[in-house]
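Undergrad: let me see the structure of the following:
(chains A and B, ligands or ions: 1)
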Amino acid sequence: MKRFAELVDGLVFMPSRNGKMRLIADYAATTPDPDRGWALAALTGSLSFAEAKPAAIRQLAMERVDPVLFGWSYDYVGDLAETVALIWPERPERANSQPPSLTEVVDALRTARRAEVMGLIEGWLDSLDASGRFALLKLITGSLRVGVSARLAKTALAEWGGVEVDALEECWHGLTPPYEPLFAWLEGKAGPPEASAGAGFRPLMLATPLEEEDAAGLDPTAYRAEWKWDGIRVQLVSRGGEKRIYSRTGDDISGAFPDILDHMLFDAVLDGELLVARDGVVAPFNDLQQRLNRKSPTARMLQDFPAWVRLYDLLFDGGEDLRPLGFEERRARLEAWREANAPRRMDLSPLVPFASWGELADLRDGARAAGIEGLMLKRADSPYVSGRPKGPWFKWKRGALTLDCVMMYAQRGHGKRSSFYSDYTFGAWRGEELVPVGKAYSGFTDAELAELDRWVRNHTTRRYGPVREVSAGLVLEVAFDSVHRSTRHKSGLAMRFPRIHRIRWDKPPQEADRVETLEAMVVG
Amino acid sequence: MIPPRLPPDPPNSGRLHPDRWIRILPEGVYVEPGGFYVDPVRPVERAVITHGHSDHARPGHDKVLATPGTLAIMRERLGEGAGAGRQPLAYGETIRIGDVTVRLVPAGHVLGSAQVVIEHGGSRIVLSGDYKRTHDRTCAPFEPVPCDVFVTEATFGLPVFRHPPDLGEIAKLLHSLRVFPERSHVVGVYALGKCQRLITLLRAAGYDRPVYLHGALMPICDLYRAQGVELGELRPATVAAKEDLKGAVVLAPPSAIADRWARRLADPVTAMASGWMRVRQRARQRGVELPLVISDHADWDELVQTLDDVGAPEVWVTHGREEALVHHATGRGIRARALALVGFEEEGA
Ligand SMILES: [Zn+2]
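TA: Numbers count the residues shown, from 1 in each chain, chains lettered A, B, ... in the order given. Presented below is the predicted three-dimensional model:
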């Protein structure tokens, strides 16, 4: 438990993705089986046992400490598990009782009867130190929030073991905690575990951005084009009665989309775009956002924001792996499959016929409808391979929109950027007033960041903790993919993927754009 | 500030209770029959100073009485402001001031830190200043003195503040150095006390590489060395090459660790050594990646233990989270009250 507690503590405070990965790799390298496997299960949310209710934990603490002091402490700390972990009285005889290992804790909880759980917890709290108690309480209340996704944990282990994360994903679904065959493989002591035949995630094939100069060298007849839809990429897996919806990174999001899951009455693996659509008409991304924010939707949300999948590709038809086939062959299989199965809440992403790159560029720039981000180009003969190879698939986003905005607030960044004001809120004019329209923290070089930071420090008018208000003096040309109505912002508008395109040191702030200009760009 | 209302004399004491001769004035705690203040927050004629932290040792007093260590620190930090007349009093020696006797006893807080033991009219009061009970290689350990009234701080006066063993915290730092050998580890430390204690802890854990220091930390380290505290090799971080700072321990004042000064470091891991780091939210607010719970103040268990050790029937709590300690003491049959002194920061916490 001690090493696990150290890992939890380290991850809680480590802001950077790389840092978290290093901590996970170090843990795996220095912790024996099966402890490290249970830890991996805890991090990836694959652990299930009778959880303890916060109220019961609180009750346990109240039996040990003065309730008045507990109340004041809880007010000060603000988190129940942490308060109990810190306030739990240390017993002098603790030196004699060995703290439990993570494996002992997990084993005991998996087999314990409900009535025994609190007694077990009490004994462990007595033998652990404060960090150990915190990790234990977070684990048993099912709220181990350490900022690590399942994908990140797998990526860290793959890197440590010197294997491709996609290879790890291929076999992941067939594995169960504490994953001893997986660690044996990662340490080079055994071959890879067998790829799972079940409803596991198959790593996606991704596209690289098409640069204008690339297009000139490509043969238009070798490629097929389809729209790039503005939703989230998903993989639908329905194998042997098991059904799953995975995000692009392999996170299981089935629970959030029962309205799709219910219609997966087939045996296949499909690649598509998850959207909100009413009668086949795609709604703005904002509508999908409502659904993405919820782990399990209400009946009302299912009705107001119905989910839809626009299919791109067929990876498995029954047990047959189609991935080695070329795109055009798979496309024909997909069309036939759709004809035969006619799943509800799904349709095909249509191919876009074209004769030349010029014609296609016109089509792309003409498409301002909601739901279209640009075009996808796929080589007709490209097999479906995981990762992001350069050449077979391109994404060709339509040109970004831009707006000249004025910096209003700046906030300190995190990690490497913690000494820099690197997150900027910017506004546009409405009458004489600046109204915030968005926030961006990317799109500039390190050298530009240093200049922006200096500018912020020299033009601060007020401070609020890590935030500085600055005088209206600097114009930022902001690029963004689209703009939508939003009730969350004072301007009533929300940009998608805003980033700093150029810093207009030269431009007087009075000449920046107006909110009305942004309003005119709203689609849908 | 209005002096708090005095409680009635305890019955049958036959002695002159300290409430009759100690007054809480805007300048601070005033010992009337001695004509001096203890750790006054404004310039006064006569002051007894418990230790060198800036909220206790303020500039501009006419006459200052303190341990030789504290006087040396005050001279270093305050220069001319350290007081026109400076009178050293070694630990354990007794002198008479006016109608009272005064003795200084180690408080275990920082080098030179002392409790002030005052006797008058058959009563004894101990003003403990800031103190801790944990072993510290840089200063003399706290000595409990039985007394009629014990005056204590309560910076960490909540039972959630329990400082873990300090070498365990150092082990966390050394572990991080192993996992991130290419990153500088910048640790926020207060210039007086925490900085030197952290260095001695690193040395005790077997870390013998040079420790790099922010310029503001060097003078007090030199002073500690002159007083016989071994610190090993120290180098100024300000002139060091960026390459040398990779994987090195760099100590800096808390205000510098997340600001422009830290940019000279190679992708630093930001650590902070303070008792406040016990509470995760507090550490996170400060952007700390590696919190080290190392404090020069008593934690809850030490506060409670100390009340038992001095056995005083009455306790006055100067500053910090007074209400919890008063509640606890009252529950144990000790007369307790909060003085609610203002002007005491959390330096060195
Ligand atoms: Zn102090």
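Undergrad: quick one: least confident helix or strand in the chain?
TA: Since you didn't name a chain, this refers to chain A. In chain A, no helix or strand scores lower on mean pLDDT, DSSP states H and E than helix A:212-216, which sits at a mean of 73.
Undergrad: the intended chain is chain B.
TA: Least-confident helix or strand in chain B using mean pLDDT, DSSP H and E: helix B:280-285, a mean of 83.
Undergrad: what's next to that helix, contact-wise?
TA: A:V12, A:F13, A:V77, A:G78, A:D79, A:E82, B:M272, B:W276, B:M277, B:P291 (CB atoms under 8 Å, 6 or more residues apart in numbering or on different chains). Just so you know, the C-beta spots here come from the backbone N, C-alpha and C atoms, and that holds for glycine as well.
Undergrad: read off the pLDDT value for A:P15.
TA: Note for A:P15: predicted pLDDT of 85.
Undergrad: which residue ranges of chain B form helices?
TA: B:68-78, B:166-179, B:194-204, B:218-226, B:242-245, B:280-285, B:300-310, B:322-331 (DSSP state H).
Undergrad: now mean neighbour count and distance to A:T30 too, for the ones you listed, in TSV please.
TA: Listed next are the helices of chain B as TSV, based on neighbours: other CB atoms under 10 Å in any protein chain shown; distance: least, CB to CB, whole Å:
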stretch	mean neighbour count	distance to A:T30
helix B:68-78	21	43
helix B:166-179	17	10
helix B:194-204	23	22
helix B:218-226	17	34
helix B:242-245	14	26
helix B:280-285	16	24
helix B:300-310	19	32
helix B:322-331	19	40
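Undergrad: starting at the chain centroid, how far to the least confident helix or strand of chain A?
TA: Centroid separation for helix A:212-216 versus its chain: 31 Å, with CA atoms, centre = their mean, to the nearest Å.
Undergrad: domains for the chain, by residue range?
TA: In the absence of a named chain, chain A is used. A:208-397, A:401-519 (automatic domain parsing).
Undergrad: that's the wrong chain, I wanted chain B
TA: B:18-160+B:297-338, B:166-292.
Undergrad: what's the least confident helix or strand of chain A packed up against?
TA: Here helix A:212-216 touches no other helix or strand, going by 3 or more CB pairs under 8 Å, 6 or more residues apart in numbering or on different chains; DSSP states H and E.
Undergrad: which ones are touching the nearest residue to B:L290 once chain neighbours are set aside?
TA: Leaving aside its sequence neighbours, B:L290 sits nearest to B:A271 (CB to CB, 6 or more residues apart in numbering or on different chains; 3.9 Å). Neighbouring residues of B:A271 by CB under 8 Å, 6+ apart: B:L173, B:S176, B:H185, B:V186, B:V187, B:G188, B:I257, B:V288, B:E289, B:L290, B:P291, B:L292.
Undergrad: so the fifth one sits against B:K172, correct?
TA: No: applying CB atoms under 8 Å as the test, B:V187 and B:K172 come out as separate, 11.1 Å apart.
Undergrad: so which residues on the stretch 101-250 of chain A come close to chain B?
TA: A:D129, A:A130, A:S131 (CB under 8 Å from any CB of the partner chain).
Undergrad: give me the below-cutoff pLDDT ranges for the chain.
TA: Defaulting to chain A. A:50, A:92-96, A:196-197, A:212, A:368-370, A:523-524 (pLDDT under 70).
Undergrad: oops, wrong one, chain B.
TA: B:1-13, B:342-343, B:345-349.
Undergrad: for chain A, what is the nearest residue in it?
TA: Taking CB to the nearest CB, chain A has its nearest neighbour within chain B at B:V160, 3.9 Å off.
Undergrad: and the residue nearest to that residue when sequence neighbours are not counted, what does it touch?
TA: Nearest residue to B:V160 in three dimensions, chain neighbours excluded: A:L86, at 3.9 Å (CB to CB, 6+ apart). A:L86 is in contact with A:S73, A:V77, A:A130, A:F134, B:P159, B:V160, B:F161, B:R162, B:R278, B:V279, counting by CB under 8 Å, 6+ apart.
Undergrad: tell me the one of these nearest B:L202?
TA: Closest to B:L202 out of these is B:R278 (20.5 Å), distances taken as CB to CB.
Undergrad: these two touch, right, that closest one and B:P159?
TA: No: in this structure, B:R278 is not within contact of B:P159 by CB under 8 Å, at 11.3 Å.
Undergrad: if we can go back for a sec, now do the contacts for the residue of chain B closest to chain A.
TA: A:S73, A:Y76, A:V77, A:T83, A:L86, A:I87, B:R278, B:V279, B:W300.
Undergrad: thank you, goodbye.
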